[in-house]
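*Asks:* Can you look at this prediction? I've put the sequence above it.
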Amino acid sequence: MKKIFALAAILFLFSQVSFSQGLHVLSQKEQAKVIDQWLEERINTILPSLMDRADIDMWVIISREYNEDPVIRTFLPATWHAARRRTMLVIYKAPNSQSVETLAVARYDVGKSFKKAWDPETQPDQWKRLADLIVEKNPKKIGLNIAKDYGHADGLNVTEYNTFLEYLPENYHAKVTSAQSLAVGWLETRTPSEMASYRHIQSIANQIIAEGLSENVITPGVTTTDDVVWWYRERIKELKLDTWFHPSVDLQRPDPSSQEHLRSFAVKADSEVIMPGDILHMDFGITYLRLNTDTQQLAYVLKPGEDDVPQYLKDAMKVGNRLQDILTSQFVTGRTGNQILRETRKIMDSEGIKGSIYSHPLGTHGHASGPTIGMWDNQGDTKGAGDYPLYPNTVYAIELNAVVFVKEWNKDVRIMLEEGAYYDGQKVTYLNGRQLEYLTIPRKSSYLKN
């Protein structure tokens, strides 16, 4: 009997470890090296063309400690967690140049790229030094992070803006413009090195998701949806990763009086005990190497006597996958988010698919800069962010739901899916595949039959 218990303990440990194998997460030191290397690559390879595209030859980013501009964080070295005192970055692209000059009007170099361009002993006034530097370079357009449509690109506060104009010679005021399009381009565009790692980052997220939606974490009749949520938070910390939002886990069950499919996304689902026959839905994201994931997947809790998901639920999943295909087929360079949404909904309607599209860019932020493609509470045009065009080398969360009537349940089921995907200018490729089948709890075992 002792041997049986010992064997059971070993098998349990192996079941715990099996999910974690392959979760290769770099040390903090190694992560810092990669982040700094990527930053240099981004400045040298994508920034010059982005400045040309935005028709801005000087970009000035100003931020005070503890009130950081969202963009400045993406230019700081890995060992900087915030701006220091008042940090001023100047990026200048000289006429006919294929590269940019990066300067810091600050007391220190800002990482490897931004060299200190201010000596307080010579010129005690930091603002005056910034104004002198601008006059010295004499740019045609001076981009500031003031934006109507994107919070990410609207990081210059009113105090800094007013002080900037006070010091800037009056004949330069007409050169000042919004850097919205430049900031969005910088935030959304991914380099080959970043994309080489994004699949790995998504695979880490997918493995954590699979572990959480398994018998390793869930005991039907005992475990609640909130228990699983907090398991995810603890797991993220154990792996020395970060997250950008609190995960959620909710369920749909074969009870016609339970109307989960009608619940508004604005209302958090109550915690419930997970039972056999439930469909579990989770929303989960990690932050690693300054890139984010955002994923929604589904699991099914097998009932006694079942060794697979019922075919009618598999058929419902296929409708969700078809909706994904319709949406991604409408990704065409130059189309706006609103245009992509309209074309997608036309095909949905022609095929009789009910549902909603609410996809968004993904990258240095979870809900990132770029074209908004529908909102869960607005299936019409989104003014501003929805008018932004689709560019190559960008990443999206393909987020949507298909509403399918399941006669066996006598109710609608909402197939809620979200997967990270890359647009290369020609086609959309999922970062680490997409969910085509439900995860089962417990996992299907081919050698065990009822």
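*Replies:* Here it is on my side, so go on. Because the structure is predicted, anything quoted here is derived from the model rather than measured.

*Asks:* use CA for all of it now, contacts and neighbours both
*Replies:* Will do.

*Asks:* so which strand or helix has Gly250?
*Replies:* To be clear, residue 250 is Asp; Gly isn't right here. strand 248-252 (DSSP states H and E).

*Asks:* Neighbouring strands of that strand in the sheet, and parallel or not?
*Replies:* strand 279-284 (antiparallel) (DSSP bridges).

*Asks:* So what touches the partner strand?
*Replies:* For strand 279-284, contacts defined as Cα atoms under 8 Å, 6 or more residues apart in numbering pick out 205, 209, 245-253, 293-301, 416.

*Asks:* Which residue comes closest to Leu298 once chain neighbours are left out?
*Replies:* Leaving aside its sequence neighbours, Leu298 sits nearest to His281 (Cα to Cα, 6 or more residues apart in numbering; 4.7 Å).

*Asks:* Next: Ile209.
*Replies:* Phe284 (7.5 Å).

*Asks:* Buried subset of the contacts of strand 279-284, written for ChimeraX?
*Replies:* In ChimeraX syntax, the buried subset of those is picked out as below (16 or more other Cα atoms under 10 Å):
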select :205,209,247,248,249,250,251,252,253,293,294,295,296,297,298,299,300,301,416
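
*Asks:* which residues of this protein score low on pLDDT?
*Replies:* Counting by pLDDT under 70, the chain shows low-confidence ranges at 1-22, 82-83, 259-267, 445-450.

*Asks:* Assign a three-state SS to the nearest residue to Leu439 once chain neighbours are set aside, would you?
*Replies:* Closest residue to Leu439 apart from its sequence neighbours, by Cα to Cα, 6+ apart: Ala299 at 4.4 Å. Per DSSP: H, G, I helix; E, B strand; the rest coil, the local secondary structure of Ala299 is strand.

*Asks:* Next up, the contacts around Ala299.
*Replies:* Contacts of Ala299 by Cα under 8 Å, 6+ apart are 213, 279-281, 438-441.

*Asks:* Show me how this protein divides into domains.
*Replies:* Listed domain ranges for the chain are 28-187, 190-441 (source: automatic domain parsing).

*Asks:* Endpoints of the shortest one, how far apart?
*Replies:* Distance between the two ends of domain 28-187: 23 Å, counting by Cα to Cα, to the nearest Å.

*Asks:* what's the answer for the longest one, then?
*Replies:* For domain 190-441, the first and last residues are 37 Å from each other (Cα to Cα).

*Asks:* Show me how far it is from its chain's centre.
*Replies:* 12 Å (Cα atoms, centre = their mean, to the nearest Å).

*Asks:* follow-up on the earlier one: can you list contacts of the strand holding Asp250?
*Replies:* 225-226, 228-229, 258, 260-261, 269-272, 274, 278-284, 413.

*Asks:* of those, buried ones?
*Replies:* Buried among those by 16+ other Cα under 10 Å: 225-226, 228-229, 260, 269, 271-272, 274, 278-284, 413.

*Asks:* Is it correct that His152 falls within a strand?
*Replies:* No. Looking at His152 with three-state DSSP, it is helix, so not inside a strand.

*Asks:* Surely it touches Ser369?
*Replies:* Yes. Between His152 and Ser369 a contact is recorded at 6.9 Å, counting by Cα atoms under 8 Å.

*Asks:* Looking at these two, which is more packed in?
*Replies:* With neighbours defined as other Cα atoms under 10 Å, His152 and Ser369 compare such that Ser369 has more, 29 against 20.

*Asks:* Let me know the helix or strand that the closest residue to the more buried one other than its chain neighbours is in.
*Replies:* Once flanking residues are discounted, Ser369 sits nearest to Val184: 5.4 Å by Cα to Cα, 6+ apart. Under the criterion of DSSP H and E, Val184 resides in helix 180-188.

*Asks:* Contacts for that helix, please.
*Replies:* Counting by Cα under 8 Å, 6+ apart, 46-47, 50-51, 53-54, 56, 71, 74, 145-148, 150, 152-154, 361-364, 368-370, 394-395 sit against helix 180-188.

*Asks:* part of a strand, is Met88?
*Replies:* Yes. Applying three-state DSSP, one finds Met88 inside a strand.

*Asks:* That one and Tyr108 touch, don't they?
*Replies:* No. Met88 lies out of contact with Tyr108 (Cα under 8 Å); the separation is 10.6 Å.

*Asks:* quick one, which of these two is more surrounded?
*Replies:* Met88 (25 against 15).

*Asks:* Burial check on Asp307, number of neighbours?
*Replies:* Counted with other Cα under 10 Å, Asp307 comes out at 18.

*Asks:* If we ignore the residues flanking it in sequence, what's nearest it?
*Replies:* Counting by Cα to Cα, 6+ apart, the residue nearest Asp307 is Lys444, at 6.2 Å.

*Asks:* What separation do you get for the one you found and Leu213?
*Replies:* 13 Å.

*Asks:* Those two: which is more packed in?
*Replies:* Leu213 (27 against 15).

*Asks:* Surely that one and Val301 touch.
*Replies:* No. Applying Cα under 8 Å, one finds Leu213 not in contact with Val301, separated by 9.4 Å.

*Asks:* Give the intersection of the neighbour lists for these two.
*Replies:* If you check Leu213 and Val301 against Cα under 8 Å, 6+ apart, the residues they both contact are 440-441.

*Asks:* can you pull out the helices in this structure?
*Replies:* For the chain, helices defined by DSSP state H occupy the ranges 2-20, 28-45, 47-54, 126-137, 158-167, 180-188, 192-212, 225-238, 311-329, 337-351.

*Asks:* Many thanks, have a good one.
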